[in-house]
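> okay, here's the prediction I keep looking at, along with the sequence it came from:
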Amino acid sequence: MHLQDLPNASDDATFFGGHGSRPEDWGAHIPAERFSHLALGVTNLDRSEEWYRDVIGLDVVGRNLTAEPLPHSVLQMNTGQLMILVQGREIHIPGRSGVHHGFMLTPNQYRRAHDRLKELGYDIGDERQQYRAHGEYSIDIEDPDGHRYQLQTYGPEANLPMPGAGIVDCGTPDTYRVGDVRAFKDGNFFLVRHHEGFLALSRWCRHMNGTVIYQKAHWHFVCPFHDATYDRRGVDAPFMGNRAQGPLHLHPITFGPEGHIRVDTDTIIPRDGYDASQAAQPPAAELAAAR
Amino acid sequence: MAEVESISHSGMVAPDSRSVHDWYEDVMGGHWAETVSRNYEGTRGANAHSCGMIADYLFVTFPRERDMPGPQMLKGGEESYRHAWAVSRERFEESLKWLEEHGVEFEGPVNHPEHGPLGQSIYFRDPGGNFFEVCWRRDESREFNPVILASV
Ligand code: FES
Ligand SMILES: [Fe+2]
């Protein structure tokens, strides 16, 4: 169930790239510094060249530009990666083996592909839609020979937490001791009491919007998806390989007239790190501190 | 401009995906990612299979036999598909040596026509029988959009 059918408009390169991995952590190596091209067998070169150009939207560079002895066509993507379609005699398409290739599009390219394919009469489906996270989009498509593809993108909204649950009443401050971490299902946040005051931490992981859990024994938050780890202030732990791309977002906290803690889950406060001014002190405590 | 930025990943088959991914690490300089797909296409799409990166390309490997031409054939793909990586022209020779040292039998190098995008290529297979190619490219100094892999 997608919250929306199409990504929000953007020409920016996709945020996640579909990998969630960071090769810069281990560097580029011989004999493979970067991906260059996918060579693909087709049974009818004219038909396939036209299909990859008009349906997928690749640029045709030209025919027979490589040492490939069979007739072939070279097509290009914006990163310089190539598809080389080779006129084969017999194409072997594995059955339901999971073999497929993924094209990465910007959100706007995806929006245009969506419209184009619909107009061309394609059934725009996504086999794994029920697994996708907020902001991830994918269309399954087969070429004229039955090679399977995904057209993928990540909308800018993938970067934003899901809509919240409005204002959530979290009870009165005296029910929390310093060090307490309480999870709220409505609005997906944790309320944490520190010496400096309260923090309402969004549960959406800063890697790819997994929902973090609190590990009491270890005094930290961890994301079950790819193990991003955050301390109790929601700050990403500084170890190499931590997938977190920054601290957990905050929600603003106000105190009701009867002293109730009110968390506004519809509002997000992004931040780069922690400082004590982020913590909300209940008025009574402020008073006590002032005394 | 094309309407596509890049090819990002492939689902592949190999009878023993763990050993294939080890080989990707040891020989191709790749990186083992994890054993479920939650990374590659959805944080909630956790299927049990192997997943690894070679440079900026991600593979998900399904533990099945790839039904294809005999193992003596080093160059192939016209009956299905072949993945090719580039190294800089400078490091091409070194790459061939590296593969030799790691016991990889390859065909080539072959020279590509001068008016095309490729310089030279060699062809070989992974332990699962998949067709691989390593090349250098004549357009290596041209500016293209960057391949984006993860959030920045
Ligand atoms: S979503 Fe990847 S670590 Fe949280
Ligand atoms: Fe995929």
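Right, received. Where do you want to start? Ligands and ions are numbered 1, 2, ... in the order given.
> break down chain B into its helices, ranges please.
Ranges of helices in chain B, per DSSP state H, are B:17-26, B:92-101.
> which of these sits closest to A:Asp46?
helix B:92-101 (33.6 Å; CB to CB). Backbone N, C-alpha and C define where each C-beta goes, glycine included.
> buried sites along the closest one?
Residues of helix B:92-101 classed as buried by neighbour count (16 or more other CB atoms under 10 Å in any protein chain shown): B:Phe92, B:Ser95, B:Leu96, B:Trp98, B:Leu99.
> for stretch A:136-154, same thing?
Of all the residues in stretch A:136-154, those buried under the rule 16+ other CB under 10 Å are A:136-141, A:143, A:145, A:147-154.
> which one of those residues is nearest to B:Ser121?
Using CB to CB, the buried residues of stretch A:136-154 come closest to B:Ser121 at A:His147, 21.6 Å.
> what's near enough to touch that closest one?
Counting by CB atoms under 8 Å, 6 or more residues apart in numbering or on different chains, A:His147 touches A:Leu40, A:Ile91, A:Ile93, A:His101, B:Tyr81.
> farthest-separated two in those?
Spatially, the most separated pair among those is A:Ile91 and A:His101, at 14.5 Å (CB to CB).
> follow-up on the earlier one: and the contacts of A:His147, which of them are in helices?
Among the contacts of A:His147, no member falls in helices (DSSP H).
> hang on, the earlier thing: rebuild the buried residues of helix B:92-101 as TSV, extending it with pLDDT and distance to ligand 1.
Listed next are these as TSV, based on pLDDT from 0 to 100; distance: CB to the nearest ligand atom, whole Å:
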residue	pLDDT	distance to ligand 1
B:Phe92	98	36
B:Ser95	98	33
B:Leu96	98	37
B:Trp98	98	33
B:Leu99	98	34
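> from these, pick the one nearest chain A.
Each of the buried residues of helix B:92-101 was scored against chain A by CB to the nearest CB, and B:Ser95 proved nearest at 3.7 Å.
> the closest one touches B:Val87, doesn't it?
Yes. Look at B:Ser95 against B:Val87 with CB atoms under 8 Å: they come within range, at 4.9 Å.
> identify the contacts common to the two.
Residues touching both B:Ser95 and B:Val87 (CB under 8 Å, 6+ apart) are A:Ile30, A:Pro31, B:Val134.
> just the residues you listed that are near ligand 1?
With the criterion set as CB under 6 Å from any ligand atom, no member of the shared contacts of B:Ser95 and B:Val87 is near ligand 1.
> next, give phi and psi for the nearest residue to A:His100 once chain neighbours are set aside.
Counting by CB to CB, 6 or more residues apart in numbering or on different chains, A:His100 lies nearest to A:Arg148, which is 4.0 Å off, once chain neighbours are set aside. Phi and psi for A:Arg148, reported as degrees, to the nearest 10, are phi -100, psi 140.
> hmm, back to that, and which of the shared contacts of B:Ser95 and B:Val87 is nearest to ligand 2?
B:Val134 (23.7 Å; CB to the ion).
> next, the contact list for that closest one, please.
A:Pro31, A:Ala32, B:Ala84, B:Trp85, B:Ala86, B:Val87, B:Phe92, B:Ser95, B:Leu99, B:Ser121, B:Ile122, B:Phe124 are the contacts of B:Val134 under CB under 8 Å, 6+ apart.
> dig out what it forms beta bridges with.
Listed by DSSP bridges, the beta-bridge partners for B:Val134 are B:Trp85, B:Ile122.
> and the pLDDT at A:Glu127?
With respect to pLDDT, A:Glu127 has a value of 72.
> repeat that for A:Tyr131.
Model confidence at A:Tyr131 (pLDDT) stands at 65.
> try the one 10 residues further on
pLDDT, A:Ile141: 94.
> isn't it up against A:Asp126?
No. Using CB under 8 Å, A:Ile141 is not in contact with A:Asp126, being 10.3 Å away.
> contact residues of the stretch 1-150 of chain A facing ligand 2?
Residues of the stretch 1-150 of chain A found near ligand 2 (CB under 5 Å from the ion) are A:Gly102, A:Gln150.
> can you show me the helices along the stretch 1-150 of chain A?
A:45-51, A:107-119 (DSSP state H, counting those that start in this stretch).
> of those, which is nearest A:Tyr176?
Of all those, the one in closest proximity to A:Tyr176, counting by CB to CB, is helix A:107-119 (41.2 Å).
> one step back: can I get the helices of the stretch 1-150 of chain A in a markdown table including mean neighbour count and mean pLDDT?
Listed next are those as a markdown table, based on neighbours: other CB atoms under 10 Å in any protein chain shown; pLDDT from 0 to 100:
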| stretch | mean neighbour count | mean pLDDT |
| --- | --- | --- |
| helix A:45-51 | 17 | 98 |
| helix A:107-119 | 18 | 96 |
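> and of these, who's closest to A:Gly246?
Of all these, helix A:107-119 comes closest under CB to CB, at 21.3 Å.
> need the contact partners of that closest one.
Helix A:107-119 has contacts (CB under 8 Å, 6+ apart) with A:5-12, A:14, A:55-57, A:105, A:124, A:137, A:139, A:141, A:151-156, B:3-5.
> which of these fall in strands?
Within those, residues falling in strands by DSSP state E are A:Tyr137, A:Ile139, A:Ile141, A:Leu151, A:Gln152, A:Thr153, A:Tyr154.
> mind showing which ranges of chain B have poor pLDDT?
Filtered on pLDDT under 70, chain B yields the residue ranges B:33-50, B:67-69, B:149-152.
> at 80 what do you get?
The model of chain B has pLDDT under 80 over residues B:17-18, B:32-52, B:63-71, B:148-152.
> find the centremost residue of chain A, please.
The centre of chain A sits closest to A:Met208, judged by CA atoms, centre = their mean, with a distance of 4.3 Å.
> so that residue makes contact with A:Ala244?
No. A:Met208 is beyond contact range of A:Ala244, at 10.3 Å (criterion: CB under 8 Å).
> ok, now which ones touch the residue positioned nearest the centre of chain B?
Central residue of chain B (CA atoms, centre = their mean): B:His83, 4.8 Å from the mean position. B:His83 makes contact with A:Phe35, A:Leu38, B:Ser10, B:Tyr57, B:Asn130, B:Phe131, B:Phe132, B:Glu133, according to CB under 8 Å, 6+ apart.
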